[in-house]
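S.K.: Pasted the sequence and its predicted model underneath.
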Amino acid sequence: MKQIIIVYTFSPFPCGDAVANRILAYALSMQDVGYKVIVLTNTPSRECDYHSEKSIYSYMNIEYRSYYVNGLNKIMRVIHRNNIIRIVNDLLLSTEKKNICLFYTTYRNFGFFLHAVLKYKKIPVVVDVTEWHSSSQFKYGMINPKYFFHSLKNRFLVPRAKNIICITRYLENFYKARGCNTLYLPPQIVIKDYVAHSLPNIPPVKLFYAGNMQKKDYIWLALEGLILLSDEEKNKVQCVLAGCSEDSFRSLIPNGDYYIKSLQHSLKIIDKISKDAVQKNLSESHFLILMRPQSRYSSAGFPSKVPEALAAGVPVITNRTSDLEHFIFDMENGIIVNEFTAEAFATAVRKAITIDNEKFKYMSKIAYNSAKKYFNYEAYNETIRIYLSDITR
């Protein structure tokens, strides 16, 4: 039997959030380099993934087993999903347990109990760290208990895992300084899953954003920039925001009603949409827009929207945060916003509306090639093979 890597997650694997997508890419790499991967997931199994000939649930050839229990209250859900001993005993055969060579989990799912159990069993663990929130993202800031425990975990518990995958250089430098065995890996995608770009004609230049407009991404700053455009320039731009209704937009975004009235036909707001609908909208857009301030959370995290847009052939309009300056190049696979200001965003949009159809085709091709080179999981198979071999041998 092959050596087994157990992927332990609270995320809705196989199809769900950005964490589930990252886990899928890693699992595919681990399987490609010779390991058997079993994902233990806290979401119900999907009947469409059931393979009767093997009596397993699998997605893209990655086997997953659900420890989800319906009807538990909040406290019992927390206790249940952290009871790794019971989960392993319930879901794994004795022969499989003997062949476990490694646990992989995210920083959110790495707790003291899991650390203690794996240390006692002498099973190495790899913790994937993808973000470190700033105090400003929490109500009452630094005195919020959630922020305190979040920061405590990242500073003191996660380094005890020793093996850390870091999504940014900021995190890599932090954990390497604490003696950890680190691996820098930007977001991973399965590039063949993305819809080819439909290359709509310019004008108008179609801008697109999907996600949570309140917590991380400063959409209001981009909208302030659009308002600075002349009426003639606005007529050449169509901005689509997906993630909330117009009513929610008015209540969530400061001056939301003002943006709707000022931008009129240049702004379209659509409610939260499915992953497939996001990809369809991307394939019909010219640029993804993204604005984040310089802060710890933006330095530690890497927006998963960026590789997803590039994979769809969509260049990105963004300012320099995270590691984006190493992947997004002005007038090649994106447009760089030189400052975190509305004026700088307006300048970037003015550059976008000077682009003709041939120039956009060129930029779209560069965007796709960038995704294939920098973010497609297969490009990192050898890197992952070496890293895992050093841990498991």
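M.R.: Here it is on my side, so go on.

S.K.: tell me the domain ranges of the protein?
M.R.: The record's domain parsing of the chain by automatic domain parsing lists 4-188+377-392, 192-374.

S.K.: Single out the most deeply packed of these.
M.R.: Mean neighbour count (mean count of other CB atoms under 10 Å) peaks for domain 192-374 among these, with a mean of 19. Yep, even glycine has a C-beta here, placed from its N, CA and C like the rest.

S.K.: follow-up on the earlier one: now render the domains of the chain as JSON lines, adding mean pLDDT.
M.R.: Formatted as JSON lines, the domains of the chain follow (pLDDT from 0 to 100):
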{"stretch": "domain 4-188+377-392", "mean pLDDT": "92"}
{"stretch": "domain 192-374", "mean pLDDT": "91"}
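
S.K.: Got phi/psi on Ile100?
M.R.: phi -70, psi 120 (degrees, to the nearest 10).

S.K.: And the one 4 residues further on, by the same measure?
M.R.: The phi/psi pair for Tyr104 (degrees, to the nearest 10) reads phi -120, psi 130.

S.K.: And the strands in the stretch 251-393 of the chain?
M.R.: Assigned by DSSP state E, counting those that start in this stretch, the strands in the stretch 251-393 of the chain fall at 267-270, 287-290, 316-319, 334-337.

S.K.: Tell me which of these lies nearest to Ile79.
M.R.: Smallest distance to Ile79 across the strands of the stretch 251-393 of the chain (CB to CB): 38.0 Å, for strand 287-290.

S.K.: on contacts alone, who are the packing partners of the closest one?
M.R.: strand 205-210, helix 305-311, strand 316-319 (3 or more CB pairs under 8 Å, 6 or more residues apart in numbering; DSSP states H and E).

S.K.: OK, contacts around Tyr218?
M.R.: 291-293, 340 (CB atoms under 8 Å, 6 or more residues apart in numbering).

S.K.: cool, Asn154 as well?
M.R.: Neighbouring residues of Asn154 by CB under 8 Å, 6+ apart: 107, 129, 132.

S.K.: Looking at the residues you listed, which is nearest Leu92?
M.R.: Nearest to Leu92 out of those is Tyr107 (CB to CB; 23.4 Å).

S.K.: what helix or strand is Trp132 on?
M.R.: Taking DSSP states H and E as the definition, one finds Trp132 inside no helix or strand.

S.K.: what's the spacing between it and Thr168?
M.R.: Look at Trp132 and Thr168: by CB to CB, to the nearest Å, they are 9 Å apart.

S.K.: And for His133?
M.R.: According to CB to CB, His133 stands 14 Å off from Thr168.

S.K.: Likewise for Leu252?
M.R.: With CB to CB as the criterion, Leu252 and Thr168 are 27 Å apart.

S.K.: same question, Phe375
M.R.: Here the criterion is CB to CB. By it, Phe375 lies 14 Å from Thr168.

S.K.: residues shared between the contacts of the two?
M.R.: Pro186.

S.K.: before we move on, the earlier item: mind putting the contacts of Tyr218 in CSV, distance to Gly243 included?
M.R.: Below are the contacts of Tyr218 laid out as CSV (distance: CB to CB, whole Å):
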residue, distance to Gly243
Met291, 15
Arg292, 16
Pro293, 19
Phe340, 21
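
S.K.: Tell me the one among those residues nearest to Ala25.
M.R.: Using CB to CB, Arg292 comes nearest to Ala25 of the contacts of Tyr218, at 22.8 Å.

S.K.: wouldn't Glu308 be in contact with Tyr194 here?
M.R.: Yes - here Glu308 reaches Tyr194: they are 7.3 Å apart, a contact under CB atoms under 8 Å.

S.K.: Now list whatever residues contact both of the two.
M.R.: By CB under 8 Å, 6+ apart, the residues touching both Glu308 and Tyr194 are Leu282.

S.K.: follow-up on the earlier one: okay, and the common contacts of Trp132 and Thr168?
M.R.: Residues within reach of Trp132 and of Thr168 at once, by CB under 8 Å, 6+ apart, are 300-301.

S.K.: ok, back up a step: so which of the helices and strands packed on strand 287-290 is nearest Lys153?
M.R.: helix 305-311 (25.2 Å).

S.K.: Alpha carbons of the closest one, as CSV, please.
M.R.: Output of helix 305-311 as CSV, limited to C-alpha atoms (Å, rounded to 0.1, in the frame of the first residue of the first chain):
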residue,chain,number,x,y,z
LYS,A,305,-9.2,36.0,-7.0
VAL,A,306,-6.0,36.9,-8.9
PRO,A,307,-4.9,33.5,-10.2
GLU,A,308,-8.6,32.6,-10.9
ALA,A,309,-8.9,35.7,-13.0
LEU,A,310,-5.6,35.1,-14.8
ALA,A,311,-6.6,31.5,-15.5
